[in-house]
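1. Here's my sequence, what's the structure:
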Amino acid sequence: MRNLFIIIFCLVVVKEGTAQNSFGLEFGTYFHSYQGINDFDSIRVVVNDSDRGEMFGGLFYEIDIVDRVSLHNKFTIRPIYISNTVYNNSEQCQFCSVKKVTLSPVTNLSIEIMPQFELLKLGELKVRIFGGLNTSFNFRIDQPEISFNGRHPGVALVMNSLDNVVKPVSFSLIYGASAEYRRFIVWAKNQHQSVYSKKIEISGQSYNFKNSWQFLSFSIGYRFYSLKLNQKTR
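-> Predicted coordinates for the structure are as follows:
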């Protein structure tokens, strides 16, 4: 990842001549897929949810590098709701199985750096493909403590520990395509599967807690401003 940033930085710094810059707004919807199964003694936590659409919005900034190649950057904000199913998995407890579902809400701020290539140009219509890196800053939202009135203490203990399992910073690869007509742009983008969770702490003891997420998004944007910057030096 460090090498990717170095290459992108060098491409921007060493570029000579006239650079076309632009920025604008973007809005869209995304669909998610969460996966993970983890056991803590007799308690099992299953993360398995998909295809729930949520809205997001953000800004984008773009700069030309060379002919047909540009650097597209995004800053987006979106809500994420992770569905956790928690239940007693003990074989010795056939008649006391407990199954509960809880949502772990997260506010996700993403910065994306994506080199892109223009595949096709027909008049004012441009078709591009892109790929790059998503850096996500994840802010958890604390939920009220669950007690079940003193019943099912093991399940309640695990559920109350789920609010603090999302990594504060996560990384994933992204790729997709866009179509632009005049100043309107439509994107289709896949955020590759990556691990979002860290170890979980239950009663002062840490356990491995491995879960992954993946996102597919569709969005539309509009360029508000375009500026040519002359980078030639004498």
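2. Quick check: bridge partners of residue 103?
-> residue 83 (DSSP bridges).
3. now swap in residue 34 and tell me
-> With DSSP bridges as the rule, residue 34 is bridged to residue 49, residue 213.
4. Check whether it really touches residue 82, as I assumed.
-> Yes - judged on CB atoms under 8 Å, residue 34 makes contact with residue 82 at a distance of 5.8 Å. For every residue, glycine as well, the C-beta is placed using N, CA and C.
5. Overlap in contacts, those two.
-> Any residue near both residue 34 and residue 82 by CB atoms under 8 Å, 6 or more residues apart in numbering counts here, and that gives 47, 49, 211, 213.
6. and the gap between the first one and residue 84?
-> Right, residue 47. In this view, residue 47 and residue 84 are 6 Å apart by CB to CB, to the nearest Å.
7. do the third one as well
-> Counting by CB to CB, the separation of residue 211 from residue 84 is 9 Å.
8. what do these two both touch?
-> Counting by CB under 8 Å, 6+ apart, the common neighbours of residue 211 and residue 84 are residue 47.
9. so the most centrally placed residue in the chain, which of the three states?
-> Central residue check for the chain by CA atoms, centre = their mean: the C-alpha nearest the mean position is that of residue 136, 5.9 Å away. With DSSP: H, G, I helix; E, B strand; the rest coil as the basis, residue 136 sits in strand.
10. and what of the one 3 residues further on?
-> Applying three-state DSSP to residue 139 yields a three-state assignment of strand.
11. Quick check: chain neighbours aside, which residue is closest to it?
-> residue 107 (4.4 Å; CB to CB, 6 or more residues apart in numbering).
12. Tell me if I'm right that that neighbour and residue 138 touch.
-> Yes - using CB under 8 Å, residue 107 makes contact with residue 138 at a distance of 7.5 Å.
13. Between those two, which is the more surrounded one?
-> Neighbours per residue, other CB atoms under 10 Å: of residue 107 and residue 138, the larger number sits with residue 138, 16 against 13.
14. picking that back up, turn the shared contacts of residue 34 and residue 82 into JSON lines, columns for distance to residue 74 and pLDDT.
-> As requested, those are exported to JSON lines (distance: CB to CB, whole Å; pLDDT from 0 to 100):
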{"residue": "47", "distance to residue 74": "26", "pLDDT": "90"}
{"residue": "49", "distance to residue 74": "25", "pLDDT": "79"}
{"residue": "211", "distance to residue 74": "25", "pLDDT": "95"}
{"residue": "213", "distance to residue 74": "18", "pLDDT": "95"}
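15. got a winner among those residues for most neighbours?
-> Per-residue neighbour counts (other CB under 10 Å) across those peak at residue 213, which has 25 neighbours.
16. Would you confirm that it contacts residue 192?
-> No - between residue 213 and residue 192 there is no contact under CB under 8 Å: 10.1 Å.
17. got the contact list for residue 174?
-> The contact partners of residue 174, by CB under 8 Å, 6+ apart, come to 112, 114, 130-134, 189-192.
18. Okay, and which of these map to helices?
-> Per DSSP state H, helices hold no members of the contacts of residue 174.
19. between the residues you listed, which is nearest residue 219?
-> residue 189 (7.6 Å; CB to CB).
20. now the closest one, nearest residue through space, not along the chain?
-> Residue 189's closest residue in space is residue 176 (CB to CB, 6+ apart), at 3.6 Å.
21. any idea which element that neighbour lies in?
-> strand 169-181 (DSSP states H and E).
22. Sheet partners, orientation included, of that strand?
-> Sheet pairing for strand 169-181, assigned by DSSP bridges, gives strand 125-140 (antiparallel), strand 184-195 (antiparallel).
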